[in-house]
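Enquirer: Got a sequence here, can you model it:
(4 chains)
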2 protein chains.
Amino acid sequence: MAGRTRRPERRQEPLSRESIVSAAVELLDTAGESGLTFRALAERLATGAGAIYWHITGKAELLAAATDAVVAAAVAIEPTDPPGSPQDGIRAVALGLFDAVEEHPWLAAQLATQLPRGPEGTVAPRIFEGIGRQVRALGVPEGGWFTATSALMHYILGAAGQNAANTASAGALGPDVDRTEFLDAVSTAWERLDPDDYPFTRAVADQVRGHDDREQFLAGIGLILAGITAIHSLTP
Amino acid sequence: MAGRTRRPERRQEPLSRESIVSAAVELLDTAGESGLTFRALAERLATGAGAIYWHITGKAELLAAATDAVVAAAVAIEPTDPPGSPQDGIRAVALGLFDAVEEHPWLAAQLATQLPRGPEGTVAPRIFEGIGRQVRALGVPEGGWFTATSALMHYILGAAGQNAANTASAGALGPDVDRTEFLDAVSTAWERLDPDDYPFTRAVADQVRGHDDREQFLAGIGLILAGITAIHSLTP
DNA sequence: GACAATGCTGGAACGCCGTTCCATGCTGGC
DNA sequence: GCCAGCATGGAACGGCGTTCCAGCATTGTC
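Expert: Below you'll find the predicted structure:
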């Protein structure tokens, strides 16, 4: 046995939880969810896998920390200079999350499956608070706060996730397939469905072509806001 | 080299795509998403990994096929004997998906991240059709079909996913932790948040305790239905 | 009836993953 | 100067998805 190889010099900047999480987010953004491996992370940080485990329990905690960091940044951009209407406030929070998921597609899976992760999780309250304050400002009576805020949160997470999945799906079709081509392909495929089994889907297939995702997303928010104001007899 | 070991007898029932997918769903249901491995699947089918690959391209296709099978069964239970109101029809489809996700928690991740997967996917049209027919029956004008159906679908997928994640999270706290205890823990944790950062979340913490998930889910559906009828000036 | 061609099977092997282990170096208190 | 103990990083382990391929069963051809 020839013993261990020579020791490298000690690093100047010590490892830290933050630097690891930050590198993890970069890796997730550039290489996708499957690109975040401890080996790639160790290489990027010029260290070994064992050193990372000194600061982080495992991959689950790493993903949770990365999610928390990105969501915290996304919901922090609220305080519009002139306060604006509560409706606009909700739209701002919603778009912040929508854009965050679009920018970091790996977020969708985390928010869909890991959001609560025990009572200690800080991501869920962060989102809930951001939306809830605007619901309260809307004039919804206290008894309806939970229902209205939950409904908005679920819609936002669902729509943002589907949108991210669509974007990923378009990219998977080919690196140079743009959005228009992808929507066209989906629309065409839907038009070719069995007329007996899918009459409705065939009928709306044309509306898929060329629609704007953010616009559709906001239209859905508008639908829920209309429902909230109608049910609580608020002035819109 | 001693050559391969003795050949086992040939199987009686031949492998088939359906039997593989069916075994995969059982494995997912009993052992969770991480329990579906080609080794476990091969053992359950009394075969080797290579034989499975003759029928299925890879794990992605296996998960897609399992998802398709379960969703198809979930949205197929529509035709209520007396036709009923379109609102009830939407609630029925929504609850069908909600319950399917609750029964198969692994569905949440699939629906959140893999739903469209190219124009060939059949899961998305299936869900879209199920909801959309009821939207049409509601009297929504054709221009609003796509927006209303999309909004409902996104809400349903988001809410069902969050609910499944909550259930999983409660189970992870301990095998004998029931729903009430879990909600209590979340509520207590939310009440202990910083009053300056989380005033709204603290205020609704008590409403978390003891709420019913299905009821909340339906309340959200009701909110969106109210919004649809209000925006299109329909008689509810 | 003999024999090649083909369809399907299942076990071994490959490369990569998350995680654990541990010899080693560095640093602050004495 | 010395020693505890924090921190490091590379090797090693078991398990994963996937690929490869030798061998049986069936079919088609003469």
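Enquirer: Residue of chain A closest to chain B, please.
Expert: Checking chain A residue by residue against chain B with CB to the nearest CB singles out A:Gly158 as nearest, at 2.5 Å. In this view, the C-beta of every residue, glycine as well, is placed from N, C-alpha and C.
Enquirer: Next, the distance between the ends of stretch A:75-83.
Expert: 16 Å (CA to CA, to the nearest Å).
Enquirer: And the residue of chain A closest to chain B, what's its pLDDT?
Expert: A:Gly158 is assigned 96 on the pLDDT scale.
Enquirer: list the contacts for the closest residue to it other than its chain neighbours?
Expert: Spatial nearest neighbour of A:Gly158, chain neighbours left out: B:Gly158 (2.5 Å); criterion: CB to CB, 6 or more residues apart in numbering or on different chains. The neighbourhood of B:Gly158, defined by CB atoms under 8 Å, 6 or more residues apart in numbering or on different chains, consists of A:112, A:153-159, A:161.
Enquirer: Secondary structure element for B:Gly158, which one?
Expert: Assigned by DSSP states H and E, B:Gly158 falls within helix B:145-173.
Enquirer: you'd agree A:Glu33 is up against A:Ala108?
Expert: No. Using CB atoms under 8 Å, A:Glu33 is not in contact with A:Ala108, being 9.6 Å away.
Enquirer: Have a look at those two and say which one is more surrounded.
Expert: A:Ala108 (25 against 16; other CB atoms under 10 Å in any protein chain shown).
Enquirer: residue contacts, the more buried one?
Expert: A:101, A:160-161, A:164-165, B:112-113.
Enquirer: tell me the pLDDT at it?
Expert: 93.
Enquirer: mind checking the SS state of it?
Expert: The three-state assignment at A:Ala108 reads helix, by DSSP: H, G, I helix; E, B strand; the rest coil.
Enquirer: Which secondary structure state is assigned to the residue nearest to the spatial centre of chain A?
Expert: In chain A, the residue lying closest to the centroid (CA atoms, centre = their mean) is A:Val101, at 3.0 Å. Secondary structure, three-state DSSP: A:Val101 is helix.
Enquirer: wait, it sits on A:Ala164?
Expert: Yes. Assessed by CB under 8 Å, A:Val101 is found in contact with A:Ala164 at 5.0 Å.
Enquirer: circling back to that earlier point, output the contacts of A:Ala108 in a markdown table, with distance to DNA strand D appended to each entry.
Expert: What follows is the contacts of A:Ala108, written out as a markdown table (distance: CB to the nearest atom of the strand, whole Å):
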| residue | distance to DNA strand D |
| --- | --- |
| A:Val101 | 25 |
| A:Ala160 | 27 |
| A:Gly161 | 23 |
| A:Ala164 | 22 |
| A:Ala165 | 19 |
| B:Ala112 | 19 |
| B:Thr113 | 16 |
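Enquirer: just these: which has the poorest pLDDT?
Expert: The member of those with the lowest pLDDT is B:Thr113, at 85.
Enquirer: from what I can see that residue touches A:Leu111, true?
Expert: No. Assessed by CB under 8 Å, B:Thr113 is found out of contact with A:Leu111, at 10.5 Å.
Enquirer: Those two: which is more packed in?
Expert: A:Leu111 (30 against 22).
Enquirer: host element of that one?
Expert: helix A:106-113.
Enquirer: Could you do A:Val204 as well?
Expert: helix A:199-208.
Enquirer: so where do the helices sit in chain A?
Expert: Counting by DSSP state H, chain A has helices at residues A:17-31, A:38-44, A:49-55, A:59-75, A:86-103, A:106-113, A:123-137, A:145-173, A:179-191, A:199-208, A:213-231.
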